[in-house]
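Novice: missing the sequence, but the structure's below:
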């Protein structure tokens, strides 16, 4: 499998988009027709809930596949429904991959040693029983939290390298209270800058032909003033830039993450796309979602350096 | 439901033990008889793997229930097998609760806002579909990582408070490279001490009748020299102290976490118990596990202040 960063950059050029659709569905926003169909078919409430999420995702993936390079799937909204939810999570990832989308599983896992390796194998690698593959991870990349230091990250690096997958390491989250742990620009030695240096090291051995590493970083677009310093410390790191849209960041806030060829970043948006229909009873929900994706793509294109034409 | 800390302390007194058995099973160490039974019954390899883990756990729970107050269930080893693994995880938690054990789900989840709330509802709360409970969390407490600051922790606090459950916040992990992110004692303002102050704040509103909060902390027993400072900053925080046994910490290393009544901490051990049989072919694996639990209980009792007799 080619380097993850090369695959993502190729997909960005083919789709001419730097937007990732966030598949973080809430039951309350599932269109009525899908909710009713699942309730009619599945008497078990956990199964019905999970199937609603999956049906909604399938429709969104159909709409999004020609328009964006990637989806970001937030596992928490599936985990909420237990094993049935996990099935819907994996079916969502598989459906998106089959539609030609790069799949980022937003799992934010973290642990050490063999435990971290088990998470990595769960989402990027495989489990074996009696020498046969019992389970294979369906994601092209996962998000992880670096709280444990290198011993928490290396197992993910190893599995990702072997499987041609990627990792996005949390460096600077988009929420206001992030500073309590991650520090602020005015601190002598803020954690988020130290984390950036570590990410740069962790990614040094997996740089692809396009000049970016398979080890990316998550950097909140809501702290736009910090992006130039982070970009400087991580010159070969793909940045996943949450906070655009519903969380209040603007397209121009992320521009410093991108190079002169329009690469270096990917901007996820969830609620501003998958809640674009505003009301589960809105019969034109698909149109609303499609329009929202076009709008966000246009806003990004207007603010970011133009992309080449791809293959 | 009574305060989580009171429930755990009561269980510790009833069982006269401060040991938690870590249910972190690896396929390679499943006793042969259980492995063969699962392979014979389940042609699907993921299901067979998950059912092996569950069968092993049921046997361990039978042995452990009279001897320890709690189990710590590491979700990564179940997630490895996908949806079937998640079923085994939940069945393990339920079996342990029904056996009278306090269940700590070692999930180390972290995120913000509605995503953190979804994780909290998944493990400690519930999911609803059409006003009915679709899924209920089976854990008495979860571990979480505080990387996102208060906005990542409050959703867990809220769900835990409503459901009478607990939280253990990662403060100081047991691995050598922890310092890269968490800092070291000689730093001016190490993150782990700041995290401890935050945990003390987060737990202030959920202190039970026995004087401890339902918001605990995870503090590696391998950094014994840091425990007194952490205990001082978190005087009402139950400490979960990994690193005992296979990771090299001794019982005396954790003594500073405990008060004069023998309370204030819980010591998990996994490999030194569930791998005590050393070889999957060992027919006396149950005896080996039971002996290991007795040995660890004795080591802890010899090093820690004695417990009262409970109810």
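Specialist: Good, I have the coordinates. Predicted model only: the values in this text are computed from it and were never measured.

Novice: what sits opposite the most centrally placed residue in chain A in the beta ladder?
Specialist: For chain A, residue A:72 is the residue whose C-alpha lies nearest the centre (Cα atoms, centre = their mean; 3.3 Å). Using DSSP bridges, the beta-bridge partners of residue A:72 come out as residue A:22, residue A:104.

Novice: was I right about it contacting residue A:104?
Specialist: Yes. Using Cβ atoms under 8 Å, residue A:72 is in contact with residue A:104, at 4.5 Å. (Glycine included, C-beta is placed from N, CA and C.)

Novice: Common neighbours of those two, please.
Specialist: Contact criterion Cβ atoms under 8 Å, 6 or more residues apart in numbering or on different chains; residues shared by residue A:72 and residue A:104: A:20, A:240, A:268.

Novice: Just the buried subset of those residues, written out for ChimeraX, thanks.
Specialist: To isolate the buried subset of these in ChimeraX, counting by 16 or more other Cβ atoms under 10 Å in any protein chain shown, use the following:
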select /A:20,240,268
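
Novice: Looking at the shared contacts of residue A:72 and residue A:104, which is nearest chain B?
Specialist: Using Cβ to the nearest Cβ, residue A:268 comes nearest to chain B of the shared contacts of residue A:72 and residue A:104, at 12.5 Å.

Novice: List the contacts of that closest one.
Specialist: Residue A:268 makes contacts with A:19, A:20, A:21, A:22, A:72, A:104, A:240, A:241, A:242, A:244, as judged by Cβ under 8 Å, 6+ apart.

Novice: Show me the two of those residues that sit farthest apart.
Specialist: A:104 and A:244 (15.0 Å; Cβ to Cβ).

Novice: quick check, nearest of the shared contacts of residue A:72 and residue A:104 to residue B:286?
Specialist: For those, the minimum distance to residue B:286 (Cβ to Cβ) is 47.8 Å, reached by residue A:240.

Novice: Identify the bridge partners of the closest one.
Specialist: Here residue A:240, judged by DSSP bridges, has bridge partners residue A:218, residue A:266.

Novice: pretty sure it is touching residue A:215, no?
Specialist: No. The pair residue A:240 / residue A:215 is not scored as a contact, 11.6 Å apart, by Cβ under 8 Å.

Novice: and residue A:214, that one's in a strand?
Specialist: Yes. Note on residue A:214: a strand contains this position according to DSSP: H, G, I helix; E, B strand; the rest coil.

Novice: Distance of it relative to chain B?
Specialist: To chain B, residue A:214 is 21 Å away according to Cβ to the nearest Cβ, to the nearest Å.

Novice: mind listing what that residue touches?
Specialist: Applying Cβ under 8 Å, 6+ apart to residue A:214 gives the contacts A:3, A:4, A:5, A:160, A:161, A:165, A:166, A:167, A:203, A:206, A:207, A:208.

Novice: Contact partners for residue A:245?
Specialist: With Cβ under 8 Å, 6+ apart, residue A:245 has these contacts: A:269, A:270, A:271, A:272, A:273, A:296.

Novice: Scan those and report the most crowded one.
Specialist: residue A:273 (29 neighbours; other Cβ atoms under 10 Å in any protein chain shown).

Novice: name the element the spatially closest residue to that residue that is not a sequence neighbour belongs to?
Specialist: Computed as Cβ to Cβ, 6 or more residues apart in numbering or on different chains, the closest residue to residue A:273 that is not its neighbour in sequence is residue A:292, at 4.7 Å. Assigned by DSSP states H and E, residue A:292 belongs to helix A:285-303.

Novice: which of the residues in that helix are buried?
Specialist: By 16+ other Cβ under 10 Å, the buried positions in helix A:285-303 come out as A:285, A:286, A:288, A:289, A:290, A:292, A:293, A:296, A:297, A:299, A:300, A:301.

Novice: So for stretch A:95-111, what gets flagged as buried?
Specialist: Buried, per 16+ other Cβ under 10 Å, within stretch A:95-111: A:95-97, A:101-111.

Novice: Next: stretch A:199-218.
Specialist: A:199-200, A:202-203, A:206-208, A:210, A:212-218.

Novice: from the residues you listed, which is closest to residue A:52?
Specialist: Among the buried residues of stretch A:199-218, and counting by Cβ to Cβ, the member closest to residue A:52 is residue A:218, at 28.0 Å.

Novice: Any chance of JSON lines for the buried residues of helix A:285-303, columns pLDDT?
Specialist: Listed next are the buried residues of helix A:285-303 as JSON lines, based on pLDDT from 0 to 100:
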{"residue": "A:285", "pLDDT": "98"}
{"residue": "A:286", "pLDDT": "98"}
{"residue": "A:288", "pLDDT": "98"}
{"residue": "A:289", "pLDDT": "98"}
{"residue": "A:290", "pLDDT": "98"}
{"residue": "A:292", "pLDDT": "98"}
{"residue": "A:293", "pLDDT": "98"}
{"residue": "A:296", "pLDDT": "97"}
{"residue": "A:297", "pLDDT": "97"}
{"residue": "A:299", "pLDDT": "96"}
{"residue": "A:300", "pLDDT": "97"}
{"residue": "A:301", "pLDDT": "96"}
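
Novice: Could you identify the most distant pair in those?
Specialist: A:285 and A:301 (24.8 Å).

Novice: can you pull out the helices in the stretch 101-250 of chain A?
Specialist: For the stretch 101-250 of chain A, the helices defined by DSSP state H, counting those that start in this stretch occupy A:113-123, A:150-163, A:179-182, A:191-202, A:227-233.

Novice: Run the angle between the longest one and helix A:191-202 for me.
Specialist: Orientation of helix A:150-163 against helix A:191-202 (axes from the mean of the first three to the mean of the last three Cα atoms, to 10 degrees) gives an angle of 40 degrees.

Novice: Which strands and helices lie in contact with helix A:150-163?
Specialist: Counting contacts by 3 or more Cβ pairs under 8 Å, 6 or more residues apart in numbering or on different chains; DSSP states H and E, helix A:150-163 is packed against helix A:113-123, strand A:141-144, strand A:166-172, helix A:191-202, strand A:213-219.

Novice: Repeat the analysis, applying 6 Å as the threshold.
Specialist: Applying 3 or more Cβ pairs under 6 Å, 6 or more residues apart in numbering or on different chains; DSSP states H and E, one finds that helix A:150-163 contacts helix A:113-123.

Novice: For the helix it packs on, buried residues please.
Specialist: Buried residues in helix A:113-123, defined by neighbour count with 16+ other Cβ under 10 Å: A:115, A:116, A:117, A:118, A:119, A:120, A:121, A:122, A:123.

Novice: I'd like the residues you listed written out as CSV, with pLDDT and distance to residue B:175 added.
Specialist: Formatted as CSV, those follow (pLDDT from 0 to 100; distance: Cβ to Cβ, whole Å):
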residue, pLDDT, distance to residue B:175
A:115, 97, 10
A:116, 98, 10
A:117, 98, 13
A:118, 98, 15
A:119, 98, 15
A:120, 98, 16
A:121, 98, 19
A:122, 98, 20
A:123, 98, 21
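
Novice: which of the residues you listed are close to chain B?
Specialist: Applying Cβ under 6 Å from any Cβ of the partner chain to these, one finds that A:115, A:118, A:119, A:121, A:122 fall near chain B.

Novice: Report pLDDT for the closest residue to residue A:182 other than its chain neighbours.
Specialist: Distances taken as Cβ to Cβ, 6+ apart place residue A:192 nearest to residue A:182, at 4.5 Å, with adjacent residues excluded. Residue A:192 is assigned 97 on the pLDDT scale.

Novice: Go ahead and confirm residue A:192 touches residue A:181.
Specialist: No. Using Cβ atoms under 6 Å as the test, residue A:192 is too far from residue A:181 to be in contact (9.3 Å).
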